[in-house]
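> Fold the following, please.
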Amino acid sequence: MRQVRPAFVEGANVMIREHEVSYRNGAVVVRDYGGTGPSVLLVHGPGFCAAAWDTVAASLGGDVHAYAIDLPGHGKSTSTPRTAADSWGSILAVVRQLGLSAPLLVGLGLGSHACLAASLEAPGEIAGIVTLGGACVRTQESAEDDIAFYASSQFAEMLRTRFFFGFRGHPTKEAETLVDRMIARLGTDWRVVGFKGLREEVRYSIRPAPDGDGWVNMPLPSTITTMVSMKVGDRHFPDQSLYRRIDVPVLIVQLADGLDQEHARRERDLAVEHPPVSVRALDAGEYPHYTRHNEVAAIILDTCGVTPRPAVEADRNGGPGGA
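Predicted structure coming up:
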């Protein structure tokens, strides 16, 4: 059943309404950016949150009705993932409970896998998919190696020490200190340099601890491990065979820098061999929603067949044109 939280928050020059959608043992939270036209559901990857899409949503200019989900165990969502399937299961819960009619799914990194799996689970309910990077265009062996790394103690320690996931505290002042530490560290990362909304996004994921003891920086490392853990033979194992089963249009946004480069040729070959798949290049690194949000928004609008409305010219007094 759809539950609507009446609170409104302001971010990235747009008013954002938040919905709570019942899922499993709690709820997932959805940021509703408003707008008219086709529905677009923005899906983050493990470790991010719905607020990561705020600048992209602002750049969409209301020409589509945009939403962004906090996947289970992330951001403000209270639902805890039990398996990787909860990623795409929660997406379909949002589509159905909010009554989204054939939305376009836009996935970031491994969030693309959840979008592909959701489409395969619910034929006819999803209009198409845009993946920022070809996260699943890899061989079975490569996917197995990646998953093994994600399950390692080395990866869990990196999540704790580099990104402070699962870090806990008590006074509010300690939370702000953590935000400062994270900004100081993340602000030097080339993938986010120049992004203005980093502080708000970091603060967004510091939530009251589920056990009521202080606060915790979400997600927990165990949540990320759960959401990326799959075995060969699983229904939607994240390798290139997943794309070959898709029958809705899928646009792979091929990123010029970062890990996506190693998949570039495989992405192009896939587009030639399987007509629903196409490839479009973007001069960006691994996090284009930060560094190229205007271009990402333009790709989404183009995929939806929407022509952006012209910007309103300001009058000499600095306000919108007109009397």
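> Tell me where the stretch 101-250 of the chain has strands.
Using DSSP state E, counting those that start in this stretch, the strands of the stretch 101-250 of the chain run over 104-108, 128-132, 168-169, 206-208, 215-217, 250-255.
> Quick one: list the elements packing against the first one.
The helices and strands touching strand 104-108, judged by 3 or more CB pairs under 8 Å, 6 or more residues apart in numbering; DSSP states H and E, are strand 39-43, helix 111-121, strand 128-132, helix 293-303. Placement of C-beta: from N, CA and C, glycine included.
> nearest to G169, of the ones you listed?
If you check each of these against G169 by CB to CB, helix 111-121 wins as the nearest, at 28.0 Å.
> Give the buried residues for the closest one.
111-121 (16 or more other CB atoms under 10 Å).
> Taking their axis directions, the helix or strand encompassing R31 and strand 39-43 sit at what angle?
Using DSSP states H and E, R31 sits in strand 26-34. Per axes from the mean of the first three to the mean of the last three CA atoms, to 10 degrees, the angle that strand 26-34 makes with strand 39-43 is 130 degrees.
> average pLDDT across strand 26-34?
Here strand 26-34 scores 96 as its mean pLDDT.
> which other residues reach that strand?
3, 5, 14-21, 50-51, 53-54, 57-58, 60, 62, 65-72, 75-80, 90, 93-94, 98 (CB atoms under 8 Å, 6 or more residues apart in numbering).
> Give me the buried entries from those.
Buried among these by 16+ other CB under 10 Å: 14, 16-21, 50-51, 53-54, 57-58, 60, 62, 65-72, 75-80, 90, 93-94, 98.
> In the chain, which residue is most central in space?
Centroid-nearest residue in the chain: H44, 1.3 Å away (criterion: CA atoms, centre = their mean).
> Read off the pLDDT value for the residue nearest to V56 when sequence neighbours are not counted.
Spatial nearest neighbour of V56, chain neighbours left out: H293 (4.7 Å); criterion: CB to CB, 6 or more residues apart in numbering. H293 is assigned a predicted lDDT (pLDDT) of 93.
> H293 against S59, yeah?
Yes - the criterion here is CB atoms under 8 Å, and H293 meets it with S59 at 5.1 Å.
> who are the neighbours in contact with the nearest residue to S112 once chain neighbours are set aside?
Closest residue to S112 apart from its sequence neighbours, by CB to CB, 6+ apart: T131 at 3.7 Å. Residues in contact with T131 (CB under 8 Å, 6+ apart) are 106-107, 112, 115-116, 250-253.
> For the residues you listed, work out which two are farthest apart.
Top of the distance list for these (CB to CB): L116 and V253, 14.1 Å.
> could you point out where the stretch 101-250 of the chain is predicted with low confidence?
Scanning the stretch 101-250 of the chain for pLDDT under 70 picks out 190-194.
> As a check, name the ranges of all helices in it.
111-121, 140-150, 153-162, 172-186, 198-204, 221-228, 241-244 (DSSP state H, counting those that start in this stretch).
> Just want the angle from the first one to strand 39-43.
For helix 111-121 against strand 39-43, the angle between stretch directions is 130 degrees (the same axes, to 10 degrees).
> Can you give the contact residues for helix 111-121?
With CB under 8 Å, 6+ apart, helix 111-121 has contacts from 43-46, 48, 71, 85, 87-89, 91-92, 95, 105-107, 125-126, 129, 131-136, 235-236, 238, 242-243, 245-246, 248, 250.
> could you flag which of those residues are buried?
Neighbour-count burial (16+ other CB under 10 Å) applied to the contacts of helix 111-121 gives 43-46, 48, 71, 85, 87-89, 91-92, 95, 105-107, 125-126, 129, 131-136, 236, 238, 242-243, 246, 248, 250.
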